[in-house]
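In: with the input below, show me the fold.
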Amino acid sequence: MNVSLVGIGQGGTSLADAIATRFKSEAIGAINLSKKDLDVAVNIKDNFRLNLGNGSHDGAGKDRTFSKQSFMDYKDDITALLWSVINSQKSDILLICFSTSGGTGSGLGPMITAYASSAEFVKNGKQPPLVFGVAA
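Out: Take a look at the predicted model:
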């Protein structure tokens, strides 16, 4: 089975990176509102990094409402990243990793997990993997 991972926020990206190492998966992406936090993820290819706001934010600052709004603002970019990671190795399982500590991951993580599991996400006959949220 091929496992892909996407880390949301700094904590989620660290978790995804650790799990990817265990599964020997190179299909790992990261989404963050903070470019600085996104840059420290050393095992993630540049084309699998998504900085929401292109550096205009320095994270969600424990504001879940702000991070949830970011989902709506960048939904197309998030969709493109998820499919890029999934298709990079024809994944059977997608793990969405995030922290529940109140920042980017806690606002975006549950929303992205639900979205990646929805009929809306599956378009043009694409077969999605099984999607699981992994909260730390």
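
In: which residues in the chain form helices?
Out: Assigned by DSSP state H, the helices in the chain fall at 9-23, 35-39, 64-73, 75-88, 104-116.

In: surely Asn32 and Val40 touch.
Out: No: using CB atoms under 8 Å, Asn32 makes no contact with Val40, being 9.8 Å away. (Glycine included, C-beta is placed from N, CA and C.)

In: run a quick neighbour tally on Lys35.
Out: Neighbours of Lys35 under the rule other CB atoms under 10 Å: 17.

In: one more: Arg49?
Out: 17.

In: isn't it right up against Gly29?
Out: Yes: under the criterion of CB under 8 Å, Arg49 makes contact with Gly29 at 7.2 Å.

In: between Asn32 and Val40, what contacts are shared?
Out: Common contact partners of Asn32 and Val40 (CB atoms under 8 Å, 6 or more residues apart in numbering): Gln10.

In: more neighbours: these two, which one.
Out: A direct count of neighbours by other CB under 10 Å for Asn32 and Val40 places Asn32 higher, at 30 against 14.

In: if the more buried one is in a bridge, with which residues?
Out: Beta-bridge partners for Asn32, by DSSP bridges, are Asn51.

In: contact partners for it?
Out: Applying CB under 8 Å, 6+ apart, we find Asn32 in contact with Ile8, Gly9, Gln10, Thr13, Leu38, Leu50, Asn51, Leu52, Gly59, Thr104.
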